[in-house]
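Student: Mind looking at a prediction? Sequence and model below.
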Amino acid sequence: MSSRLEYALGQRNEIVKRRLERETAFPEGVKVISERTYLGGHNDFVLFEARDPKVIMATTLAWSDLLEFEAIPITEEVMKLVKSRK
């Protein structure tokens with residue numbers, strides 16, 4: 001599953017502060033494949049794997065005061081293609 005993260009410009013500093021305070025932005029059970037921040041924009045793109053939907057919910061809830069999430073399922077075929085390009 002991939003996740004697109006959006007945030008308002010005024011929240012950027014709070015997001016960076018929280019991210020630096022934590023070892024990782026994602027809980028145990030989430031394997032980050034790729035992460036991109038769009039320069040000049042107000043969003044990130046994170047491609048990750050998580051077998052348990054509860055882990056994804058925990059991630060979104062932990063950041064929901066600062067971020068708006070959109071989680072989009074990715075097929076296994078697409079994930080294989082992405083991993084083969086690394």
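Tutor: Alright, I've got the coordinates.

Student: Any stretches of this protein with poor pLDDT?
Tutor: Scanning the chain with the threshold set as pLDDT under 70 gives 1-10, 41, 86.

Student: List phi and psi for the residue positioned nearest the centre of it.
Tutor: Centroid check for the chain by C-alpha atoms, centre = their mean gives V46 as the closest residue, at 4.1 Å. When quoted as degrees, to the nearest 10, the phi and psi of V46 stand at phi -130, psi 120.

Student: does it really touch E35, like I thought?
Tutor: Yes: taking contacts as C-beta atoms under 8 Å, V46 lies within contact range of E35: 4.8 Å. The C-beta positions use only the backbone N, C-alpha and C, and glycine is treated the same way.

Student: before we move on, the earlier item: next one: the residue nearest to the centre of the chain from Y38, what distance?
Tutor: As defined by C-beta to C-beta, to the nearest Å, V46 lies at a distance of 12 Å from Y38.

Student: Over to E23?
Tutor: Counting by C-beta to C-beta, the gap between E23 and Y38 amounts to 24 Å.

Student: Who has more neighbours out of those two?
Tutor: Here E23 and Y38 are set side by side on neighbour count (other C-beta atoms under 10 Å), and the busier one is Y38, at 10 against 7.

Student: How about the contacts made by the more buried one?
Tutor: Each residue near Y38 by C-beta atoms under 8 Å, 6 or more residues apart in numbering is listed here: 44-45.

Student: Next: E28.
Tutor: The neighbourhood of E28, defined by C-beta under 8 Å, 6+ apart, consists of V55.

Student: Surely it is within a helix?
Tutor: No: when DSSP: H, G, I helix; E, B strand; the rest coil is applied, E28 is found to be coil, with no helix at that position.

Student: backbone phi and psi for it, please?
Tutor: phi -60, psi 140.

Student: What distance do you get for it to D52?
Tutor: Remark: distance between E28 and D52 (C-beta to C-beta) = 10 Å.

Student: Over to A58?
Tutor: Summarising the geometry, the distance separating A58 from D52, computed by C-beta to C-beta, is 9 Å.
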